[in-house]
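[1] What follows is a protein structure lacking sequence information:
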Ligand code: ZN
């Protein structure tokens, strides 16, 4: 996982719970906590930090990852505003993620190990099929919520098929209200 993801996680914890909380989380995991945005760090390190955050905030992992995804969208948008500016609305943005957006990410970061999306347009619902060996579909959901907020779009997201239930992909249904 790229250092930028760790940087944003640190910002989220410090913003919501203060520097001391972040230092306590680092101390509990034994990590140094110095991350360079373009470098890669083990996924396990991110998951261990997230698990520790769950203990400190007393919430479950899915909640932490979902909140983080939403926050991550804002922070990535702040760092790279051109991505969102290329799209006029949420639907065209989401459809551009797999090719245009991830194509741009590949220029910025080496080997980012991105998930794949395929799409199906069902009128008021955009079906997004997600595959990633990381199985971070909850993070993807949080990112979509962040994107919806950014575009002022009113959507419902459901997740009827999930890799965590043994499927070979996750299905995220984004229904436009
Ligand atoms: Zn899933």
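    Thanks, I have it. Everything numeric here is computed off the predicted structure, so don't read it as measured data.

[2] need the strands for this protein, in chain order.
    116-122, 125-131, 155-161, 170-176 (DSSP state E).

[3] in the third one, what counts as buried?
    Neighbour counts using 16 or more other C-beta atoms under 10 Å place 155, 159, 161 of strand 155-161 among the buried residues. Just so you know, the C-beta spots here come from the backbone N, C-alpha and C atoms, and that holds for glycine as well.

[4] How about the last one?
    For strand 170-176, a neighbour-count test (16+ other C-beta under 10 Å) marks 170, 171, 172, 173, 174 as buried.

[5] what do you get for the first one?
    Buried residues in strand 116-122, counting neighbours by 16+ other C-beta under 10 Å, are found at residue 117.

[6] What's the mean pLDDT across that strand?
    Mean pLDDT, strand 116-122: 97.

[7] got it, and the third one?
    With pLDDT averaged residue by residue, strand 155-161 scores 97.

[8] what lines up beside it in the sheet?
    Strand 155-161 has the following sheet partners, assigned by DSSP bridges: strand 170-176 (antiparallel).

[9] touching the ion at all, the partner strand?
    Yes: for strand 170-176, a contact with the ion is found by C-beta under 5 Å from the ion, at residue 170.

[10] and that strand with strand 116-122, angle?
    If you take axes from the mean of the first three to the mean of the last three C-alpha atoms, to 10 degrees, strand 170-176 sits at 40 degrees to strand 116-122.

[11] Also compute the angle for strand 170-176 relative to strand 125-131, please.
    160 degrees.

[12] Other residues contacting strand 170-176?
    90-91, 94, 124-131, 135, 137, 140-141, 144, 148, 153-163 (C-beta atoms under 8 Å, 6 or more residues apart in numbering).

[13] go on, stretch 143-159?
    So stretch 143-159 is contacted by 66, 69-74, 77, 84, 87, 89-91, 93-94, 128, 137, 141, 170-177 (C-beta under 8 Å, 6+ apart).

[14] Domain boundaries for this structure, per the record?
    3-59, 89-176 (automatic domain parsing).

[15] can you tell me which residues contact the residue of the chain positioned farthest from its centre?
    Within the chain, the residue lying farthest from the chain centre (C-alpha atoms, centre = their mean) is residue 123, at 25.4 Å. If you count contacts by C-beta under 8 Å, 6+ apart, residue 123 has none.
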